[in-house]
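Engineer: sequence unknown, structure follows:
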Ligand SMILES: *Cc1c(COP(=O)(O)O)cnc(C)c1O
């Protein structure tokens, strides 16, 4: 990877922010856990970064807290508004309660009920609007303009990106030996931008591989076009990543830091949820299993073996009733 001085300065800017992010006032350092059965099947050493074990069951608490804690007293007093597919919403709700900030959160009407309850139970106002994230986002931006509340993007904000980047800081501390690639689920690109900035600054030889749902592959579309594009529609099975346009701040990093982007099908996600269950006895949501689905596809395509591959297991917020569907599709995918 050759980077220009301006690009190197951008990475350094993020690394400093990541090192200074006070996320551990609310987030926890999650385990980087071996997946023995997957490793055996795939002939590579697979490690899972267990972000499903955060207090809100996804990494989003990192970015949300890092953003809210840095608001001025005036901004805090006016309150915040955000749009979210559900996990950022819970992160903002928890961070806002912790900091005594009033929060209104717009979520699509298709949001799993447990994510809506996760917001209301933490004392924030949940407004359901639009059938997918892009519609909820437009409405939240309008409300922010009208109310004077600070809009907190789920991914398109340098403080949010820096908060998510603390995942990479932990991975490099937890695993100091050979590490070939980190597979990162991509929605609006906040998580992968934070991870890529940190890793490419310190260990540029480690490959950063984005994994998208084939129904919301907005990073891949942007990399192909050479600019951010807006997808005409998004599928919501992997609701945590159902975003139509990659964030501007994230794309600034991704365009030179992401080595490759893979797309996977819903059935591949269901199979990956089962793989994660078999190794950890824990359930992930569809978006949370993207990285494992990506590793399986990557190993099958490239034939690599003996490598050390990390998957970000990014969230566990799935309605219990959906598990029947997931189990059925996983069985079909295994045929
Ligand atoms: C938000 C989210 C992602 C994607 O993160 P972005 O920063 O939007 O790219 C992946 N997995 C889960 C579970 C999420 O909630």
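Structural biologist: The structure has been received and is ready for your questions. Quick caveat, the model's predicted, so the values are computed rather than measured. Numbering: from 1, shown residues only.

Engineer: domains for the chain, by residue range?
Structural biologist: 5-57+158-334, 60-151 (automatic domain parsing).

Engineer: Those: lowest mean pLDDT?
Structural biologist: The stretch with the lowest mean pLDDT among these is domain 60-151, at a mean of 94.

Engineer: How far does it stretch from one end to the other?
Structural biologist: 16 Å (C-alpha to C-alpha, to the nearest Å).

Engineer: ok now it, how far from the chain's centre?
Structural biologist: 16 Å (C-alpha atoms, centre = their mean, to the nearest Å).

Engineer: same check, this time on stretch 23-38
Structural biologist: With C-alpha atoms, centre = their mean, you get 14 Å for stretch 23-38.

Engineer: So it, near the ligand or not?
Structural biologist: No: shown here: stretch 23-38 not in contact with the ligand (C-beta under 6 Å from any ligand atom), separated by at least 13.0 Å. Quick note: C-beta positions are derived from backbone N, CA and C, even for glycine.

Engineer: how long is that stretch end to end?
Structural biologist: 31 Å.

Engineer: Check which residues of that stretch are buried.
Structural biologist: Under the neighbour-count criterion of 16 or more other C-beta atoms under 10 Å, stretch 23-38 has 23, 26, 27, 30, 31, 32, 33, 35, 38 buried.

Engineer: contacts for that stretch?
Structural biologist: Here stretch 23-38 makes contact (C-beta atoms under 8 Å, 6 or more residues apart in numbering) with 45-51, 53-55, 59, 61-62, 65-66, 69, 94-95, 98, 163, 166, 170-171, 174-175, 275-276, 278-280, 292, 295, 310-311.

Engineer: So which of those are in helices?
Structural biologist: Among the contacts of stretch 23-38, the members found in helices (DSSP state H) are 61-62, 65-66, 94-95, 98, 163, 166, 170-171, 174, 275-276, 278-280, 292, 295.

Engineer: And those residues, which of them are buried?
Structural biologist: Neighbour-count burial (16+ other C-beta under 10 Å) applied to those gives 61-62, 65-66, 94-95, 163, 166, 170-171, 275-276, 279-280, 292, 295.

Engineer: Show me what the residue of the stretch 201-335 of the chain found nearest the ligand is bridged to.
Structural biologist: Across the stretch 201-335 of the chain, the shortest distance to the ligand (C-beta to the nearest ligand atom) belongs to residue 315, at 2.6 Å. Going by DSSP bridges, residue 315 is paired in beta bridges with residue 58.

Engineer: Likewise for residue 104?
Structural biologist: Beta-bridge partners, per DSSP bridges, of residue 104: residue 81, residue 125.

Engineer: wait, what's in contact with it?
Structural biologist: 79, 80, 81, 82, 124, 125, 127, 143, 147, 149.

Engineer: Looking at the residues you listed, which one is closest to the ligand?
Structural biologist: residue 82 (12.3 Å).

Engineer: Number of residues surrounding that closest one?
Structural biologist: 30 (other C-beta atoms under 10 Å).

Engineer: Find the nearest non-adjacent residue to the residue most central in space within the chain, please.
Structural biologist: For the chain, residue 191 is the residue whose C-alpha lies nearest the centre (C-alpha atoms, centre = their mean; 4.7 Å). Using C-beta to C-beta, 6 or more residues apart in numbering and skipping residues adjacent in sequence, the residue nearest residue 191 is residue 164, 4.5 Å away.

Engineer: pretty sure the one you found contacts residue 65?
Structural biologist: No: counting by C-beta atoms under 8 Å, residue 164 sits too far from residue 65 to count as a contact (10.9 Å).

Engineer: Name the residues of the helix or strand containing residue 331 that are buried.
Structural biologist: Residue 331 belongs to helix 323-334 when assigned by DSSP states H and E. Of the residues in helix 323-334, 326, 329, 330, 333 count as buried by neighbour count, 16+ other C-beta under 10 Å.
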